[in-house]
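Novice: Structure for the following, please:
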Amino acid sequence: MSLTIAAFWPPPPHETTVARYREIAEAGIDLVITGNYLNDRVILRHALTCAEEAGLGVLVASDPRVDVLMRDLDVDPTPLLGRVVDDYRAYRSFRGLSLMDEPHAEQFPRVAAGVAAVRAAGVFAYANLLPSHATGPYDAYVGEFAEFVRPDVLSFDRYPFLSEGSDEGYFADLATVREHARRAGLPAWMYVQTLAYEGHREPSAAELAWQVNTALAYGYTGIQYFTYWTPDPARGESFQPALIDGDGVPTERFGIVRDLNTRWLRPVAAELSGWTSVDRVGQRAGDVLVGRYGERLRFVCNARFDEPVEVALGGITEAFDPATGSYEPCGPAFTLAPGAARLVR
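Specialist: Next up is the predicted model:
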């Protein structure tokens, strides 16, 4: 599997340095999605230079000219977006442009025009979808976007760890986006909640792993962390510390995500290809997700983030050890910790 691990909301302008971007790379991240006041050509080019030195890619998502073009319905975006691309094309770290975050259905024609213009310029065209609780019928919303807009990936966000209660619609959205990506022949990307903010609580280590592992069970090939750097309090929404706090100090979750990416995600993803389907099984309905990769591989995930689960799958003889990169003998019954997963064959 060609897996992309991205970080949204990178260091702000005064912290945009080679050292900071190497810190991102050391966390197992390979793509930076801009924001956090990287809002003009000068600082964006500087970020692209830092990313080159650190071996990272950059998806430009904060050029204000793109935002204006996506909202001005009377202007053909093709020549102007071509100029935006030309401003960054020379940088090896430049991966493409984000056209719009969380568009509503009535904005799809404009996003489609932007995607076509960016694709005509020869670079990656990206837009990220709303979750179902912010739209009308979700199947129609995602299906229309996939068919009409045709971005290079099908991406969405939904942040499941609420201050009160549980998010009952998370798996339904994960499945809907993945199914439409499959039908359209597009990679599926999702966002991982890393922090507390208005109406949401801080995720635990098990809950960070649960978001990543359930996505792999569904065949997602893009993991995007929301957020990397902590947003400025002046933005509102009561953002609490993310992977890096507002003073530039790594939080405990930085180390958790670094280990999750480098010791689990990267080695496991290198084994995965040919995803076909996911099943929900278990003694209690849906406790276990089984993602099918090819004829022999099964990515088995605890669908619960709050307690362990017993797994019993017939025909299993080996399990992948990410520390050694090899398969070891394994019986058909084993226990998965909260949010954990195992690759078996």
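Novice: is it true that Arg95 lies in a strand?
Specialist: Yes: assessed by DSSP: H, G, I helix; E, B strand; the rest coil, Arg95 belongs to a strand.
Novice: how near is it to Ala6?
Specialist: Taking C-beta to C-beta, to the nearest Å as the measure, Arg95 and Ala6 are separated by 10 Å. Every residue, glycine included, has its C-beta placed from N, CA and C.
Novice: How are the strands of the stretch 101-250 of the chain distributed by residue range?
Specialist: All strands of the stretch 101-250 of the chain, identified by DSSP state E, counting those that start in this stretch, fall at 124-129, 154-156, 188-193, 222-226.
Novice: Please identify the most buried of the ones you listed.
Specialist: Greatest average neighbour count among those goes to strand 154-156 (a mean of 26), per mean count of other C-beta atoms under 10 Å.
Novice: Packing partners of that strand?
Specialist: In this structure, strand 154-156 makes packing contacts with strand 124-129, helix 170-184, strand 188-193, judged by 3 or more C-beta pairs under 8 Å, 6 or more residues apart in numbering; DSSP states H and E.
Novice: With mean pLDDT and distance to Glu271 as new columns, can the ones you listed be given to me in JSON lines?
Specialist: Formatted as JSON lines, these follow (pLDDT from 0 to 100; distance: least, C-beta to C-beta, whole Å):
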{"stretch": "strand 124-129", "mean pLDDT": "98", "distance to Glu271": "25"}
{"stretch": "helix 170-184", "mean pLDDT": "97", "distance to Glu271": "19"}
{"stretch": "strand 188-193", "mean pLDDT": "98", "distance to Glu271": "19"}
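Novice: Reformat those as JSON lines; add distance to Val142.
Specialist: Shown next, in JSON lines, are the helices and strands packed on strand 154-156 (distance: least, C-beta to C-beta, whole Å):
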{"stretch": "strand 124-129", "distance to Val142": "6"}
{"stretch": "helix 170-184", "distance to Val142": "5"}
{"stretch": "strand 188-193", "distance to Val142": "10"}
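Novice: ok so, going back, any chance of the strands of the stretch 101-250 of the chain in a markdown table with distance to Pro267 as columns?
Specialist: Shown next, in a markdown table, are those (distance: least, C-beta to C-beta, whole Å):
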| stretch | distance to Pro267 |
| --- | --- |
| strand 124-129 | 26 |
| strand 154-156 | 24 |
| strand 188-193 | 18 |
| strand 222-226 | 14 |
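Novice: Which one of these lies nearest to Leu44?
Specialist: When those are compared for distance to Leu44 using C-beta to C-beta, the nearest one is strand 124-129, at 15.4 Å.
Novice: before we move on, the earlier item: which one, of the helices and strands packed on strand 154-156, ends up nearest to Met70?
Specialist: The nearest among these, by C-beta to C-beta, is strand 124-129 at 9.1 Å.
Novice: Please name the strands paired to the closest one in the sheet, noting orientation.
Specialist: Each strand paired with strand 124-129, and its direction, by DSSP bridges: strand 94-101 (parallel), strand 154-156 (parallel).
Novice: What is the distance between it and the centre of its chain?
Specialist: When distances are taken as C-alpha atoms, centre = their mean, to the nearest Å, strand 124-129 is centred 12 Å away from the chain's centroid.
Novice: Next: stretch 226-238.
Specialist: Worked out by C-alpha atoms, centre = their mean, stretch 226-238 lies 18 Å from the chain centre.
Novice: Flag every buried residue along that stretch.
Specialist: Using 16 or more other C-beta atoms under 10 Å as the burial criterion, the residues of stretch 226-238 that qualify are 226-231.
Novice: got it, and stretch 114-125?
Specialist: If you call a residue buried by 16+ other C-beta under 10 Å, then stretch 114-125 has these buried ones: 114-119, 121, 123-125.
Novice: Which parts of the protein are helices?
Specialist: With helices called from DSSP state H, the chain shows them at 18-26, 41-54, 64-71, 77-88, 108-120, 138-144, 170-184, 205-217, 252-259, 266-269.
Novice: Run through the protein and note the low-pLDDT ranges.
Specialist: 283-285 (pLDDT under 70).
Novice: Tell me how far Phe145 lies from Gly219.
Specialist: 19 Å.
Novice: what does Gly114 give?
Specialist: Note on Gly114: its distance to Gly219, by C-beta to C-beta, is 27 Å.
Novice: Tyr225 now?
Specialist: Distance, Tyr225 to Gly219, using C-beta to C-beta: 19 Å.
Novice: Ser273 now?
Specialist: When distances are taken as C-beta to C-beta, Ser273 and Gly219 turn out to be 10 Å apart.
Novice: Pull up the overlap in contacts between the two.
Specialist: With contacts taken as C-beta atoms under 8 Å, 6 or more residues apart in numbering, Ser273 and Gly219 have Tyr293 as neighbours in common.
Novice: Compare the two and say which one has the larger neighbour count.
Specialist: Gly219 (23 against 11; other C-beta atoms under 10 Å).
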